[in-house]
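Undergrad: only the shape, not the letters, is given here:
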């Protein structure tokens, strides 16, 4: 009986399979391929990752090159690179030859350039040329995501002949993307598309030209992966063709690669919003120094910017010395501005990423955020004033109660200062946080660079100034 | 000549198509369906959204029910709901009858319950029952995402007979998911799966049982949509079957719905990280009061927590009055803790969402973040001390230079206080930020609730205490 994989919900599957596979590998490696043929390569890759490094080669060798190539496609990137650099170029070439062109290019992208040269010299000239062409595209563009093997049929074929052609390709064991079938004109320009299902549904005897859709949704090779994801998701596609400016079909991007791209893009956005450069590597694998470098840059920039708060505080040092009680609320009012700014920024950057909001919508967003900021500020202002009044009440009427605090004879004015400042600061924070992504995009930067710490820093300095200005006005003639 | 859609990169397509379609609608609505047959329903939905509301019904009527149903599936949710509530139940029923079961359920989910009753009473009892069953699942589970129409064949059929069956289904115009073909046993339990491609590649004369994979990766109906996304993405699938505990196949989830689910999940995570409840509606469409409600809750909680900073400041008010210069650096040191915490939290929550990090890894993460925090703190500490020394130097040696500031005779000790505090606060912020998602998850909360403002608030109070404690130690015997 073949080894059993299980429902992926009871992970980790590798832990369950690994002992059996290890035993097979020791005792009868010749049976390994047959015994594991029902197991998904993604699960075998999990098993491979859990094996000792010195067993990995024996394991992949026992699977045979075609199956081993499948497993390599799902293997952890770093381990795959390490493995392919450790075997002979000929062995590596045998494995990568079995991959689809896009996976082959993605695999070689990670490997040392010298090794790549050696490996490429061992594969067929055609495959070599194709791989080199794919490697010339940026990995996060349509060209870098596409595979170059797809199925096309002539427009004047009958449905039955085309179907036989498609079956022949499927039987050849080659790995063409086959969700959709394309037609091209004499010059090789894309002319039509139909799904495999539409081909099957077509009445026998009909011509392909009667079946195929002549309007083809496509992307340009230099399109950003975000754009590719938007097209695939907007049109509910399983594969999207990549078409050059002259109309020639260059390849196909399949939805599985798009999902991976969406996940990577999202990881970048989350990390940027957290206030650092995107790591571009899994957290547990990245080197400590590389990670510190990616984090220290923004932290230092933010610290230097935040020094303006010290400057602002110095500017008001006379007031601070006169009314020392004012300094008690500095952290409170400052952080509220940062918090409301962070909310507004996360809302707007996400809406921009989803194209719910475009650059031209800034004024509409402003008109939504202004009343939001005022109302949120009013709510926080009331809470702040209540807190001060309560502490004052406890200190004067129940002095034995430990949490009271006497803010002095003019405590009411202090409470008013804090309350009014909160309205101003929260409104300012909301507006600044919501407008920052527009400003960044207008200036040609990624709006996702508007991180929570960035907004907080931006708002802190202004927030302090608002606080002291309100204090100057409210306390004028009494404390100041 | 039919109206031409274009490459989606030159958006907005609706703006281009709308005038032609409007003209057709006025002049010869009978031709509209034929003239727009090559246009993707997603583009027609964009056109529909740009139309005046009173023209929408005429437009959809001119398209005919099947095509109109396609367009409705891509239409903005709110507009779709509004439209279906505005037509008669019979008209609505005619439209939703044309949808796939999952889209029909998703559509009715948004509509007023009374209306749903009326509409369901107009469709066939079978479709009604099926829809009611789908509506009983939570929308963000596998059951809520699946469609119930899929293609299954008997295991003992020959490939040719099975293929004829599949072609018959495809020709029927029904909307079964057809990326994969399933086999079931006599009890209706799932027994095998093959892709359409594998069916086409099979040698004629072979039996289905020889072709199908007997191990089927599947999900349970109650599986969370995040789990479904992980399975689809992990195994590079185009569709995943939903299988009950007893092994019965209940439906299929297709990749297009999974992509939508991934996007929604990401939007929620981004909004939570920004420090608010997830909006669950597009930013430009949500009502102002609903949005304020979703934002005010967290802001108020954070404000109340942040009041502890005031308590901390009050606790050190004697020290603050003696060494007023200390208050100048409060915003600086406090914000650095929040920034480093926000970085660490975004890293860890994202790594958790991608399953790179599990609960049991907390200690490994701690051991990575401790040296990271110390080094980042040291870098910031040096920058902070340099800043103070420089200002002091300018104030004493170049008093005409406007930016200098005299921190007093013990300025070196002040600089030391700020520098050492930064090391402590950044280290604490990093550790707190990285451990918070683990604590939340351990307590059964969503680790994505660990928002940037939440972490900042958590770190602020401790950061202040660290600052004043360092000051007490460093300045002991001189200023304090």
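TA: Good, I have the coordinates. Here the structure is a predicted model, which is why all the values come from computation and not from measurement.
Undergrad: the residue most distant from the middle of chain A, which is it?
TA: residue A:397 (56.1 Å; C-alpha atoms, centre = their mean).
Undergrad: ok, and for the longest helix seen in chain A, which residues are buried?
TA: As assigned by DSSP state H, the longest helix anywhere in chain A is helix A:362-397. For helix A:362-397, the neighbour count (16 or more other C-beta atoms under 10 Å in any protein chain shown) marks A:362, A:365, A:368-369, A:372-381, A:383-385, A:387-388, A:391-392, A:394-395 as buried. For every residue, glycine as well, the C-beta is placed using N, CA and C.
Undergrad: give me the element residue A:280 is part of.
TA: Taking DSSP states H and E as the definition, one finds residue A:280 inside no helix or strand.
Undergrad: list the residues that contact it.
TA: Residue A:280 makes contact with residue A:268 under the criterion C-beta atoms under 8 Å, 6 or more residues apart in numbering or on different chains.
Undergrad: count the neighbours of the nearest residue to residue A:29 once chain neighbours are set aside for me.
TA: Closest residue to residue A:29 apart from its sequence neighbours, by C-beta to C-beta, 6 or more residues apart in numbering or on different chains: residue A:62 at 4.2 Å. Using other C-beta atoms under 10 Å in any protein chain shown, residue A:62 has 20 other residues around it.
Undergrad: those strands in chain A, which residues are they?
TA: Assigned by DSSP state E, the strands in chain A fall at A:150-153, A:177-184, A:190-195, A:239-243, A:249-254.
Undergrad: show residues contacting the longest one.
TA: Right, strand A:177-184. Contacts to strand A:177-184, defined as C-beta under 8 Å, 6+ apart, come from residues A:147, A:149-155, A:162, A:166, A:169-170, A:190-196, A:199, A:208-209, A:212, A:216, A:238-239, A:241, A:249, A:252, A:254, B:179, B:197, B:238.
Undergrad: may I see the ChimeraX selection of the buried members of these?
TA: Only the buried entries of those go into this ChimeraX selection, using 16+ other C-beta under 10 Å:
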select /A:147,149,150,151,152,153,154,155,162,166,169,170,190,191,192,193,194,195,196,199,208,212,216,238,239,241,249,252,254 /B:179,197,238
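Undergrad: what residues does the stretch 101-250 of chain A have near chain B?
TA: Residues of the stretch 101-250 of chain A lying close to chain B by C-beta under 8 Å from any C-beta of the partner chain are A:163, A:166-167, A:170-171, A:178-179, A:196-198, A:200-201, A:203, A:213-215, A:217-220, A:223, A:227, A:229-238, A:243.
Undergrad: re the thing from before, would CSV of the strands of chain A with distance to residue A:79 be doable?
TA: Shown next, in CSV, are the strands of chain A (distance: least, C-beta to C-beta, whole Å):
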stretch, distance to residue A:79
strand A:150-153, 30
strand A:177-184, 27
strand A:190-195, 36
strand A:239-243, 29
strand A:249-254, 24
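Undergrad: mind giving me a markdown table with those strands and columns for mean pLDDT?
TA: As requested, the strands of chain A are exported to a markdown table (pLDDT from 0 to 100):
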| stretch | mean pLDDT |
| --- | --- |
| strand A:150-153 | 90 |
| strand A:177-184 | 88 |
| strand A:190-195 | 91 |
| strand A:239-243 | 94 |
| strand A:249-254 | 92 |
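Undergrad: residue A:308 against residue A:461, yeah?
TA: Yes: with contact defined as C-beta atoms under 8 Å, residue A:308 reaches residue A:461; the gap is 4.4 Å.
Undergrad: now residue A:451, what are its backbone angles?
TA: Main-chain dihedrals, residue A:451, degrees, to the nearest 10: phi -80, psi 160.
Undergrad: number of residues surrounding it?
TA: Neighbour count for residue A:451, taken as other C-beta under 10 Å: 27.
Undergrad: confirm for me that it is in contact with residue A:273.
TA: Yes: under the criterion of C-beta under 8 Å, residue A:451 makes contact with residue A:273 at 5.2 Å.
Undergrad: name the residues contacting each of these two.
TA: By C-beta under 8 Å, 6+ apart, residue A:451 and residue A:273 have these common neighbours: residue A:345.
Undergrad: residue A:206 and residue B:175: what is the separation?
TA: When distance is defined by C-beta to C-beta, to the nearest Å, residue A:206 is 21 Å away from residue B:175.
Undergrad: how about residue A:98?
TA: From residue A:98 to residue B:175 the distance is 36 Å (C-beta to C-beta).
Undergrad: I'd say residue A:313 and residue A:320 touch.
TA: Yes: under the criterion of C-beta under 8 Å, residue A:313 makes contact with residue A:320 at 7.0 Å.
Undergrad: between the two, what contacts are shared?
TA: Shared contacts of residue A:313 and residue A:320 (C-beta under 8 Å, 6+ apart): residue B:327.
Undergrad: show me what the worst-scoring helix or strand of chain A on mean pLDDT is packed up against.
TA: Of all the helices and strands that make up chain A, the one with the lowest confidence by mean pLDDT, DSSP states H and E is helix A:13-27; it has a mean of 77. Secondary-structure packing of helix A:13-27 (3 or more C-beta pairs under 8 Å, 6 or more residues apart in numbering or on different chains; DSSP states H and E): helix A:29-35, helix A:41-50, helix A:53-63.
Undergrad: right, so those helices: which one is the most enclosed?
TA: helix A:41-50 (a mean of 22; mean count of other C-beta atoms under 10 Å in any protein chain shown).
Undergrad: just the residues contacting it, thanks.
TA: Under the criterion C-beta under 8 Å, 6+ apart, residues A:5, A:12-15, A:17-18, A:21, A:36, A:56, A:59-60, A:63, A:67, A:70-76, A:79, B:234-236 lie in contact with helix A:41-50.
Undergrad: among the residues you listed, name the buried ones.
TA: For the contacts of helix A:41-50, a neighbour count by 16+ other C-beta under 10 Å gives the buried set as A:5, A:13-14, A:17-18, A:21, A:36, A:56, A:59-60, A:63, A:67, A:70-75, A:79, B:234-236.
Undergrad: break chain A down into its domains, please.
TA: By the assignment in automatic domain parsing, chain A contains the domains A:8-136, A:150-255, A:288-474.
Undergrad: figure out how far the longest one is from the centre of its chain.
TA: By that I understand domain A:288-474. 29 Å (C-alpha atoms, centre = their mean, to the nearest Å).
Undergrad: end to end, how far does it reach?
TA: One end of domain A:288-474 sits 51 Å from the other (C-alpha to C-alpha, to the nearest Å).
Undergrad: in the stretch 151-300 of chain A, what residue lies closest to chain B?
TA: Relative to chain B, the nearest point of the stretch 151-300 of chain A is residue A:274 (2.5 Å; C-beta to the nearest C-beta).
Undergrad: looking at the stretch 1-150 of chain A, which residue is nearest chain B?
TA: Going by C-beta to the nearest C-beta, chain B is nearest to residue A:38 of the stretch 1-150 of chain A, at 4.7 Å.
Undergrad: surely that residue meets residue B:216?
TA: No: Residue A:38 lies out of contact with residue B:216 (C-beta under 8 Å); the separation is 10.0 Å.
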